[in-house]
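Undergrad: 3D model of this:
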Amino acid sequence: MSQVKASDAVPIEAPSPFELRVNLAAGIPENAVKEALATGNMGFLHSFTTGSAVDGPGVRVVAWTAGCQWRCLYCHNPDTWNMMNGIPVTIEHAKERLAMYQHGLKAMSGGLTLSGGEPLMQDRFAVKLFSVAKELDIHTALDTNGYLGERLTDEELEKVDLVLLDLKTFDPERHLHLTGKEVGPTHAFARRLGQRKKKIWVRYVLVPGLTDDEKDIEKTAQLAAELGTVERVDVLPFHQMGRYKWEKLGIPYTLDNTQTPSAELVERTCAQFKAVGLKAV
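TA: Numbering: from 1, shown residues only. The predicted structure follows:
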């Protein structure tokens, strides 16, 4: 497996995670996929993007993993749901690419963010990639919905400097409708992070008609405040930039008529998080 490299036909670097990528691991044998998931010696990445200033502190390299159990109604990268859409990348190759940016990341107070998809679908690869980053003295951030957080031991969590925790909505029924999954594991992981004093940035996608309920936001804010380690809350306005992917992939899209939230709604939502003592932007 160590000889497997990212496809020469599709570069691992991409100008944007909004680039549609499919079937890039279609030729990988099933036994190789199983071995990769078990060992972490190979991962499946949608892409690397560079120069991000919104996925953690400083300027960052973001590794976007393929594979996700959730089916968020507003997902802007549904091509990352399927792991086989990703480029097969050995941990050695990932280390080579990351080393290319080592000095620049340090100079710009940045680091590596592992996002997705859901990175913990490939938890062994995530742990090895973070280990590589720490060897290079690179700051690490994990962008996760937290549902599979129990896959990481406390020792493995120490390789993560910052968790970008996606809190979709608080109400269990609304969460199930929005994501297709129960909210309990995410909240359990959030509380575990708080107990371990792990730095957290909460990410909250604001979608008119789905995640703008004031009482629900209040409960989410209270949970975040209770954790005690949330450094900031990013209120992310819904957008339609990924709609074309749903159309290209033939997946029914239910938010055609959903508008970007107004400035007033964004301000109100930020104010609710600020009301419990959190920094919200």
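Undergrad: Leu142 should be in a strand, yeah?
TA: Yes - per DSSP: H, G, I helix; E, B strand; the rest coil, Leu142 lies within a strand segment.
Undergrad: mean confidence score for stretch 144-151?
TA: The pLDDT scores in stretch 144-151 average 98.
Undergrad: cool, and stretch 228-243?
TA: 97.
Undergrad: May I see the buried residues of it?
TA: Judged by neighbour count (16 or more other C-beta atoms under 10 Å), stretch 228-243 contains these buried residues: Val230, Arg232, Val233, Asp234, Val235, Leu236, Phe238, Gly242, Arg243. Bear in mind the C-beta positions are built from the backbone N, C-alpha and C, glycine included.
Undergrad: Go through those and say which is closest to Lys34.
TA: Closest approach to Lys34 among the buried residues of stretch 228-243 (C-beta to C-beta): Gly242, at 29.9 Å.
Undergrad: how about the buried residues of stretch 228-243 in TSV, adding secondary structure and distance to Ala14?
TA: Below are the buried residues of stretch 228-243 laid out as TSV (DSSP: H, G, I helix; E, B strand; the rest coil; distance: C-beta to C-beta, whole Å):
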residue	secondary structure	distance to Ala14
Val230	strand	30
Arg232	strand	27
Val233	strand	28
Asp234	strand	22
Val235	strand	26
Leu236	strand	20
Phe238	coil	23
Gly242	coil	14
Arg243	helix	19
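Undergrad: Nearest to Pro88, out of those: which one, please.
TA: The closest of these, once distances to Pro88 are taken by C-beta to C-beta, is Gly242, at 23.6 Å.
Undergrad: Provide a list of residues in contact with the closest one.
TA: Contacts for Gly242 were tallied using C-beta atoms under 8 Å, 6 or more residues apart in numbering; they are Phe18, Cys75, His76, Asn77, Pro78.
Undergrad: again, but for Val59
TA: Val59 touches Gly51, Ser52, Ala53, Gly104, Leu105, Met108, Ser109, Gly110, counting by C-beta under 8 Å, 6+ apart.
Undergrad: Which of the residues you listed fall within helices?
TA: The helices, defined by DSSP state H, take in Gly104, Leu105 from those.
Undergrad: Pull out the buried residues from the contacts of Val59.
TA: For the contacts of Val59, a neighbour count by 16+ other C-beta under 10 Å gives the buried set as Ser52, Leu105, Gly110.
Undergrad: before we move on, back to that, for the contacts of Gly242, pick the one with the most neighbours.
TA: For these, the largest number of neighbours (other C-beta atoms under 10 Å) sits with Asn77, at 23 neighbours.
Undergrad: pLDDT for the contacts of Val59 - can I get that in TSV?
TA: Listed next are the contacts of Val59 as TSV, based on pLDDT from 0 to 100:
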residue	pLDDT
Gly51	93
Ser52	93
Ala53	92
Gly104	95
Leu105	95
Met108	95
Ser109	96
Gly110	97
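Undergrad: closest to Ile91 among the contacts of Val59?
TA: The closest of those to Ile91 turns out to be Leu105 (C-beta to C-beta; 18.5 Å).
Undergrad: what are the phi and psi values for Asp256?
TA: Note on Asp256: its backbone torsions stand at phi -50, psi -40 [degrees, to the nearest 10].
Undergrad: Look up how far Lys95 lies from it.
TA: Separation of Asp256 from Lys95 (C-beta to C-beta, to the nearest Å) stands at 42 Å.
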